[in-house]
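**Q** show me how the following folds:
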Amino acid sequence: MIQKLFKRSFNFSISGVTALLIVISFSCNSSEKKRPSEKITEFKQPGAIFDYFYYKGEDSFYENYPLPGDDYFYNPILPGWYSDPSICTNGEDYFLVTSTFSYFPGVPIFHSKDLVNWQQIGHVLDRPSQLDLADQRVSEGIFAPAISYNPHNKTYYLITTNIRKGNFFVKTKDPFGHWSDPIWLPDVHGIDPSFFFDDDGKAYIVNNDAPDGEPLYDGHRVIRIHEFDVEKEMTTGKSKILVNGGVNIEDKPVWIEGPHLYKINGEYFLMCAEGGTSVNHSEVIFKSQSPMGDYIPWDKNPILTQRHLDPERELPITCAGHADLIEDKDGRWWAVFLACRPIDGQFENLGRETFLMPVKWSDDGFPYMTKGNELIPRVLKKEGVTRADNVTFGNFEIYDDFDTTKLDYQWMTLRGPADNLISLKENPGFLTLRFSKISASQKNTPAFVCRRIQHHKFRCSTKLYFNSKDSNDASGLLLFKDESHQYFLSVRKKGKKLRIALEKITSDVPETLAASLLDVKNKPIVLEVVSHGKLWDFYYTIEGMERELLISGVDAYYLSTANSFGFTGTTIGMYAVKNIGQPM
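**A** Numbering: from 1, shown residues only. Below is the predicted model:
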């Protein structure tokens with residue numbers, strides 16, 4: 001299936017000389033855009049002009065394990081880098097959000113009626129007034145947003161951390177519309193705050209924080225609770241520590257975080273992540289008779305983990321944790337959580353993804369997702385639900401022809417909207433990027449429009465009109481992990497010829513892995529990336545000529561979290577830059 005998502009705008013205007021290109025019609029496959037023959041297209045002032053973007057997932061798992069019925073779905077439900085999921089409901093609709101760190105817009109929000117069929121309806125933080133990411137690294141920015149619905153005032157709340165500025169929340173009556181500007185919480189420190197609205201109208205915030213006094217060991221954190229005045233929109237009184245260190249402080253548990261508070265059948269449950277977000281990640285549960293405690297840990301914790309399983313197992317799912325619970329319309333409980341799908345247990349480029357699975361209940365009244373050696377399922381069934389044709393999981397296709405004035409919700413930029421660098425209106429039907437002296441290696445906003453990669457195996461292509469005579473200008477497809485781990489399938493002028501190259505970008509001068517010099521003028525170029533999982537191939541096609549392999553077998557490990565660290569996955573997209581250094 002081909003997915004077409006909603007759009008939003010990034011605009012700028014350019015004036016100046018006009019370059020004239022004549023586009024001749026040609027035979028094309030599904031990844032190529034068909035335009036009328038002999039269409040004369042005028043492109044103003046130098047720029048990188050992209051005709052379309054195509055992405056297709058080709059993971060073998062989905063081919064080898066077809067869904068057995070219309071009420072089945074695949075895990076992860078949001079493949080690719082959708083980390084730290086949080087979910088809420090008003091009784092009829094479900095809303096889900098995830099982290100975005102230093103990407104803009106911030107915090108994608110998804111809507112569903114049944115927990116299986118999801119559609120992105122926008123971003124919570126979609127304005128610069130909500131989202132100050134200046135000078136922040138890719139893995140800084142917005143951490144672990146938590147979404148809640150308060151039935152007492154019929155208001156939705158999104159609370160989160162801007163790691164350089166502190167904790168804040170935004171609110172709305174209509175999650176399909178706009179959210180408020182930030183309301184800051186100066187007395188809530190640490191990270192991962194979450195609201196809880198009790199039956200009696202009282203409200204609370206739980207969060208990760210530093211312990212009182214000196215930490216007892218590296219990774220020693222606590223969970224605090226604050227009372228919150230809904231009318232005054234501020235915390236009241238002093239905070240209280242609910243959990244010190246984790247389930248058992250004598251075991252020196254690390255990074256107790258991601259807390260969520262629930263009231264179920266008259267009892268209060270505090271659920272937290274523990275062990276850090278890598279392979280030792282887990283989820284633990286505590287119970288109390290009062291929201292302020294005391295909270296007693298379940299003696300069979302953790303309630304979700306895969307850390308103790310054989311790392312050589314087939315199709316491993318790792319790093320599971322940072323969960324949130326939701327009750328469906330039939331009274332059944334479900335959990336969303338993050339986890340990773342490493343390639344052969346070695347590394348992954350997809351980042352931490354969003355999974356969904358049913359919650360079970362123990363005889364002594366505690367919720368859990370896995371116990372013992374239970375595996376997180378990759379194929380699940382939700383009775384009474386019919387899977388739609390256009391879902392967020394499986395081997396879907398994305399095709400964007402840039403024929404509107406707003407970008408799809410799938411697209412992101414770094415740290416800001418890049419309004420002065422990106423346009424869908426300057427050359428209608430095309431995405432135009434201005435060549436910028438700001439590169440993707442800097443902690444600023446480059447001319448880079450990207451989306452998450454969501455499959456180990458995929459193919460991706462774009463058609464580029466390279467409209468510049470300046471040898472310092474380069475554009476093409478950028479595979480981006482962070483400021484110093486990138487692959488750039490680039491096009492630039494080299495004398496009177498065109499140079500197509502694959503550049504490996506590190507913290508030093510870019511290294512050219514392969515390059516071709518071509519004597520062509522005023523012809524569009526199709527740039528293509530084909531991922532085989534561990535290895536990537538890079539191709540180009542000059543219009544009217546045969547498809548050419550530039551380089552094969554490029555190591556995907558270079559962009560993995562195992563190699564680069566960080567909290568995000570790899571993104572891919574259109575890029576234009578000026579004077580980033582002249583690779584050999």
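**Q** other SSEs contacting the stretch of helix or strand residue 109 belongs to?
**A** Taking DSSP states H and E as the criterion, residue 109 maps to strand 106-112. When contacts are defined as 3 or more Cβ pairs under 8 Å, 6 or more residues apart in numbering; DSSP states H and E, strand 106-112 packs onto strand 94-97, strand 118-125, strand 142-150. Every C-beta, even on glycine, is put in place using the N, C-alpha and C of the backbone.
**Q** the second one: partners in the sheet, and parallel or antiparallel?
**A** It stands for strand 118-125. Within its sheet, strand 118-125 is paired with strand 106-112 (antiparallel), according to DSSP bridges.
**Q** could you give the average pLDDT over the strand it pairs with?
**A** The average pLDDT within strand 106-112 is 98.
**Q** please apply the same query to stretch 72-84.
**A** Computed over stretch 72-84, the average pLDDT equals 98.
**Q** for stretch 89-97, same thing?
**A** On average, stretch 89-97 scores 98.
**Q** let me see the residues that make contact with it.
**A** The contact list for stretch 89-97, computed with Cβ atoms under 8 Å, 6 or more residues apart in numbering, reads 78, 85-88, 107-115, 118, 124, 145-147, 149, 151, 154, 156, 158, 175, 326-327, 329, 336, 354.
**Q** ok, now with 6 Å
**A** 85-88, 107, 109-112, 115, 145, 147, 149, 175, 326 (Cβ atoms under 6 Å, 6 or more residues apart in numbering).
**Q** so which of these is the closest to residue 577?
**A** Nearest to residue 577, judged by Cβ to Cβ, of the contacts of stretch 89-97 is residue 107 at 27.3 Å.
**Q** residues contacting the closest one?
**A** Contacts of residue 107 (Cβ under 6 Å, 6+ apart): 97, 100, 123-125, 145.
**Q** tabulate those residues (CSV), appending distance to residue 399.
**A** Formatted as CSV, these follow (distance: Cβ to Cβ, whole Å):
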residue, distance to residue 399
97, 26
100, 24
123, 22
124, 27
125, 27
145, 29
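**Q** tell me where the stretch 251-400 of the chain has strands.
**A** Secondary structure of the stretch 251-400 of the chain by DSSP state E, counting those that start in this stretch: the strands cover 257-264, 267-274, 282-288, 296-297, 304-305, 318-327, 333-340, 353-358, 360-361, 367-368, 379-381, 397-400.
**Q** right, so those: which one is the most enclosed?
**A** Sort the strands of the stretch 251-400 of the chain by mean neighbour count, taking mean count of other Cβ atoms under 10 Å, and strand 304-305 sits at the top with a mean of 28.
**Q** what sits against residue 354?
**A** Contacts of residue 354 (Cβ under 6 Å, 6+ apart): 76-78, 82, 85, 336.
**Q** beta-bridge partners for it, please?
**A** residue 78, residue 338.
**Q** of the strands of the stretch 251-400 of the chain, which is nearest residue 436?
**A** strand 397-400 (21.6 Å).
**Q** show me what that closest one is packed against.
**A** With contacts defined as 3 or more Cβ pairs under 6 Å, 6 or more residues apart in numbering; DSSP states H and E, strand 397-400 has these neighbours: strand 2-3, strand 47-57.
**Q** quick one: distance of it to the chain centre.
**A** 17 Å (Cα atoms, centre = their mean, to the nearest Å).
**Q** quick check: mean pLDDT across the next helix or strand after it?
**A** Moving toward the C-terminus from strand 397-400, the next helix or strand (DSSP H and E) is strand 407-408. Average pLDDT, strand 407-408: 96.
**Q** same for strand 407-408, what does it pack against?
**A** The criterion is 3+ Cβ pairs under 6 Å, 6+ apart, and the helices and strands that strand 407-408 contacts are strand 7-8.
**Q** for the record, mean pLDDT for the strand it packs on?
**A** 32.
**Q** ok so, going back, just the buried ones out of the contacts of stretch 89-97, please.
**A** 85-88, 107, 109-112, 115, 145, 147, 149, 175, 326 (16 or more other Cβ atoms under 10 Å).
**Q** if we can go back for a sec, for residue 475, find the nearest of the helices and strands packed on strand 397-400.
**A** strand 47-57 (3.3 Å).
**Q** quick one: strands adjacent to that closest one?
**A** Strand 47-57 is paired, per DSSP bridges, with strand 397-400 (antiparallel), strand 431-433 (antiparallel), strand 457-467 (antiparallel).
**Q** wait, which of those strands is closest to residue 503?
**A** strand 457-467 (15.3 Å).
**Q** what residues of that closest one count as buried?
**A** Buried-residue list, strand 457-467, by 16+ other Cβ under 10 Å: 457-467.
**Q** these two touch, right, residue 257 and residue 194?
**A** No. Here residue 257 lies out of contact with residue 194, judged by Cβ atoms under 6 Å, at a distance of 10.5 Å.
**Q** identify the contacts common to the two.
**A** By Cβ under 6 Å, 6+ apart, no residue touches both residue 257 and residue 194.
**Q** make TSV out of the strands of the stretch 251-400 of the chain and add distance to residue 519 and mean pLDDT.
**A** Formatted as TSV, the strands of the stretch 251-400 of the chain follow (distance: least, Cβ to Cβ, whole Å; pLDDT from 0 to 100):
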stretch	distance to residue 519	mean pLDDT
strand 257-264	57	98
strand 267-274	57	98
strand 282-288	59	98
strand 296-297	70	98
strand 304-305	59	98
strand 318-327	49	98
strand 333-340	46	98
strand 353-358	45	98
strand 360-361	66	98
strand 367-368	65	98
strand 379-381	52	98
strand 397-400	31	97
